[in-house]
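K.L.:
Provided below for reference: sequence and predicted model.
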2 protein chains.
Amino acid sequence: MNTTAVFISVIHMAGALSACIFGTLPRSNPIQRAVTGSSSPMSLSQCQPYWTSIDGDIDAHLKHAIPIRSPLSVFEPMHRLTFSAPYTTAPALCIAACELVDGHRDQAMAAAAALRLTHAAAFVHEQLPLTDRPRPKNRPTIDHLFGPNIELLTGDGIAPFGFELLANSDDPTQNNSERILRVIIEIARATGAQGRIQGRYNELELEYVQSEDEKWSHLAWINEVCKKKEGEMHACAGACGAILGGGSEEEIEKLRSFGLHVGILQAIGSMVKRGEKAHMEVVSGLRRKALEELKAFNQEKIGPISSLVEPELLLSVK
Amino acid sequence: MNTTAVFISVIHMAGALSACIFGTLPRSNPIQRAVTGSSSPMSLSQCQPYWTSIDGDIDAHLKHAIPIRSPLSVFEPMHRLTFSAPYTTAPALCIAACELVDGHRDQAMAAAAALRLTHAAAFVHEQLPLTDRPRPKNRPTIDHLFGPNIELLTGDGIAPFGFELLANSDDPTQNNSERILRVIIEIARATGAQGRIQGRYNELELEYVQSEDEKWSHLAWINEVCKKKEGEMHACAGACGAILGGGSEEEIEKLRSFGLHVGILQAIGSMVKRGEKAHMEVVSGLRRKALEELKAFNQEKIGPISSLVEPELLLSVK
């Protein structure tokens, strides 16, 4: 992580950010051009309906795929735990990447749903009260909707269902089997032993790093936890959207790299302290690298996806 | 379960079984024909090299796919827990089904490896010491190779790796993408919320059924636990082998049904008491149904796969 890569001053960044949130930036604002690398609009009024629409479509797809039905002992926890997991921007990024390369939203819907499912499964398992897992004051850190055994099994049931949805989205009339198989490999890797699982291993090894201040000063936290967990999941989401939307290899790799920086930004977002120069330098560096990847795309279309580097904007979506 | 369906007397069955194990039956023995429904050979000397060869090939494939490499904290548990899981006949059945429909062993190897991996992942999670899971005298039921956190994460890493191996076995020169996607759906279903996971839910609900005698008298145990866990996993294995080997839809369904009965037989095998008429009736009924499914195949080739209905024979393989 190059903490010295500051292309936009802290003051300008904070100004651009707050202006974007309140939708006051004109198209030609020079600060915004510096942030987005283009003249594309980023106002809240434009971005929010886009993300709300995507999230609504993914929700509808999943509610249809996992109805609460018999046997209730299996499907009720599966449904509730899927929809109670914390919000992640990875599935929406997958759809946005697909649309950016001129794909249709439906082409990436199963992959977006699979990303939501694998995220929910991982979250449920991370919260399990295992006998050797430290718990603050002997209490679980979240309210458990079900007993640990059911939560363990439900996580185990949710994850393969994501791959089933993906494989089921194969449509011989579209000749998309190769793309779907490629996306299955991408998601299996990002969620597996070399992706999110490795990030979780690292997180447990670094669990002595307690406070958010300590995490910031411990660069390994950002590189080995934020990058391996949220970073690679968003990188996968960007690449999968581009693959399914028919993007070129160059576009796939650019959206993978864009997603990596977006994911790390999302992961460290809650730790950012306004006014802390070191924090803002890291954030600015990540934003700059993310937006750099979008320069090769149609500048008239990058407005919505580029808003993913504004954590406050995204938080307001959900 | 139709316990009255006894086509071969208990005495004849026991005789055929022991003769098969010791390889003393001549090809034309009438008892053997009654067991196999054909004159195909079933002697140990013929069957054992076949299964040993298949198991050796699957082991070699998995050892190559999951070497012990860096980061050791991730890959060592993944390797060790995959190879320390109890033996299951499902992967070998997958290969045998593929070969029975004239497919090549390599065509089903990734699916067989994925079946081994999902079985290992499920076993590791079933042994986790969760806070609400009853443990005899407060001790775990197995020796844990690693801490619970690592075993939880490793199970979570092993399962998607099976899907990755499968998707990676796509070979454009063979035009097999559709078959692989179909197999991914089959394995996701058999391992997921409507398959093995549902069997495990049922097992936990029926956990008051303690002794093997009680399990036998509790028909729900066989129908809701043995069938959903080992039964459907073997059914999936038979179907996947036939799909990948290029079998017809009829052959796929016959090998699925054969696998279902084989899996239930494997699950109840350890509970069978020699001489108990009720036990032998159930076992004979399952064998008869399994072998019935093989009648449509080339009778010269069913010898090895039909030996899967002899639990003692199989136990001697490993």
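P.N.:
The structure has been received and is ready for your questions.
K.L.:
need the strands for the stretch 51-200 of chain A, in chain order.
P.N.:
For the stretch 51-200 of chain A, strands defined by DSSP state E, counting those that start in this stretch do not occur.
K.L.:
now the helices for it?
P.N.:
Shown for the stretch 51-200 of chain A, the helices assigned by DSSP state H, counting those that start in this stretch span residues A:72-84, A:90-100, A:105-126, A:148-168, A:177-191, A:196-205.
K.L.:
Quick check: which helices or strands does the last one pack against?
P.N.:
Looking back up the chat, that one is helix A:196-205. On a contact count with 3 or more CB pairs under 8 Å, 6 or more residues apart in numbering or on different chains; DSSP states H and E, helix A:196-205 meets helix A:105-126, helix A:232-244, helix B:72-84, helix B:148-168. Any C-beta I mention is one placed from the backbone N, CA and C, and that applies to glycine too.
K.L.:
try 6 Å
P.N.:
helix B:72-84, helix B:148-168 (3 or more CB pairs under 6 Å, 6 or more residues apart in numbering or on different chains; DSSP states H and E).
K.L.:
in terms of contact, does A:A110 touch A:S169 like I think?
P.N.:
Yes. With contact defined as CB atoms under 6 Å, A:A110 reaches A:S169; the gap is 3.6 Å.
K.L.:
The two: which has the busier surroundings?
P.N.:
A count of neighbours by other CB atoms under 10 Å in any protein chain shown puts A:A110 above the other of A:A110 and A:S169, at 25 against 22.
K.L.:
residues contacting that one?
P.N.:
For A:A110, the contact set (CB atoms under 6 Å, 6 or more residues apart in numbering or on different chains) comprises A:L165, A:L166, A:S169.
K.L.:
quick one: contacts for the first one?
P.N.:
A:L165 makes contact with A:A110, A:A113, A:A114 under the criterion CB under 6 Å, 6+ apart.
K.L.:
how about a cut-off of 10 Å?
P.N.:
Applying CB atoms under 10 Å, 6 or more residues apart in numbering or on different chains to A:L165 gives the contacts A:61-62, A:65-66, A:109-114, A:117, B:185, B:188.
K.L.:
Nearest to B:F297, out of these: which one, please.
P.N.:
The shortest approach to B:F297 among the contacts of A:L165 belongs to B:I185, at 24.5 Å (CB to CB).
K.L.:
what about the closest one, how many neighbours?
P.N.:
Neighbours of B:I185 using other CB under 10 Å come to 19.
K.L.:
That one touches A:N168, doesn't it?
P.N.:
Yes. Between B:I185 and A:N168 a contact is recorded at 6.1 Å, counting by CB atoms under 10 Å.
K.L.:
Near A:I302, how many other residues are there?
P.N.:
Using other CB under 10 Å, A:I302 has 24 other residues around it.
K.L.:
I'd like to know how far it sits from B:L130.
P.N.:
A:I302 is 47 Å from B:L130, where distance means CB to CB, to the nearest Å.
K.L.:
A:L115 too?
P.N.:
Distance, A:L115 to B:L130, using CB to CB: 27 Å.
K.L.:
who's more crowded, those two?
P.N.:
Neighbours per residue (other CB under 10 Å) separate A:L115 from B:L130, with A:L115 holding more: 32 against 19.
K.L.:
and the gap between the more buried one and chain B?
P.N.:
Applying CB to the nearest CB, to the nearest Å, the value for A:L115 to chain B is 12 Å.
K.L.:
what's the closest non-adjacent residue to that residue?
P.N.:
Spatial nearest neighbour of A:L115, excluding adjacent residues (CB to CB, 6 or more residues apart in numbering or on different chains): A:P91 at 4.5 Å.
K.L.:
just A:A120 next, same as before
P.N.:
A:A85 (3.8 Å).
K.L.:
what's the answer for A:R189, then?
P.N.:
Nearest residue to A:R189, sequence neighbours excluded (CB to CB, 6+ apart): A:G195, at 5.6 Å.
K.L.:
ok, back up a step: least reliable of the helices and strands packed on helix A:196-205 by average pLDDT, please.
P.N.:
Of all those, helix B:72-84 carries the lowest average pLDDT, namely a mean of 89.
K.L.:
shaky segments in the stretch 101-250 of chain A?
P.N.:
A:131-143, A:208-210, A:216 (pLDDT under 70).
K.L.:
center of chain A - which residue?
P.N.:
Nearest to the mean C-alpha position of chain A, counting by CA atoms, centre = their mean, stands A:A90 at 2.7 Å.
K.L.:
which residues does it contact?
P.N.:
By CB under 10 Å, 6+ apart, the contact list for A:A90 reads A:112, A:115-116, A:118-119, A:190, A:230, A:232-238, A:240-241, A:259, A:262-263, A:266.
K.L.:
cool, and A:I58?
P.N.:
A:P91, A:A92, A:C94, A:I95, A:R105, A:A108, A:M109, A:A112, A:A113, A:L115, A:R116.
K.L.:
Any quick ChimeraX command for the buried ones out of those residues?
P.N.:
ChimeraX command restricting these to the buried ones, with burial defined by 16 or more other CB atoms under 10 Å in any protein chain shown:
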select /A:91,92,94,95,105,108,109,112,113,115,116
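K.L.:
how about the helices of the stretch 201-318 of chain A, start to end?
P.N.:
Per DSSP H, counting those that start in this stretch, the stretch 201-318 of chain A carries helices over the ranges A:212-217, A:219-220, A:232-244, A:249-269, A:277-293, A:303-306, A:311-317.
K.L.:
Mean neighbour count, those helices: which tops it?
P.N.:
helix A:232-244 (a mean of 31; mean count of other CB atoms under 10 Å in any protein chain shown).
K.L.:
From the contact counts, what lies against that one?
P.N.:
Using 3 or more CB pairs under 10 Å, 6 or more residues apart in numbering or on different chains; DSSP states H and E, the elements in contact with helix A:232-244 are helix A:90-100, helix A:105-126, helix A:177-191, helix A:196-205, helix A:249-269, helix A:277-293.
K.L.:
angle of it against helix A:249-269?
P.N.:
Interaxial angle of helix A:232-244 relative to helix A:249-269 (axes from the mean of the first three to the mean of the last three CA atoms, to 10 degrees): 150 degrees.
K.L.:
How far does helix A:232-244 sit from its chain's centre?
P.N.:
Centroid displacement of helix A:232-244 relative to its chain, using CA atoms, centre = their mean, to the nearest Å, is 10 Å.
K.L.:
What of stretch A:151-170?
P.N.:
Stretch A:151-170 sits 19 Å away from the centroid of its parent chain (CA atoms, centre = their mean).
K.L.:
hang on, the earlier thing: tabulate the helices and strands packed on helix A:196-205 in JSON lines, adding columns for distance to A:L294.
P.N.:
Converted to JSON lines, these look like this (distance: least, CB to CB, whole Å):
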{"stretch": "helix B:72-84", "distance to A:L294": "33"}
{"stretch": "helix B:148-168", "distance to A:L294": "29"}
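K.L.:
Out of the ones you listed, which is the most enclosed?
P.N.:
Of all these, helix B:148-168 has the most neighbours on average by mean count of other CB under 10 Å, namely a mean of 25.
K.L.:
Return the distance of the nearest residue to A:L308 once chain neighbours are set aside relative to A:A96.
P.N.:
Once flanking residues are discounted, A:L308 sits nearest to A:V262: 4.8 Å by CB to CB, 6+ apart. Separation of A:V262 from A:A96 (CB to CB): 10 Å.
K.L.:
what residues are shared contacts of those two?
P.N.:
Between them, A:V262 and A:A96 share these contacting residues under CB under 10 Å, 6+ apart: A:T89, A:A237, A:G238, A:L255, A:I305, A:S306, A:L308.
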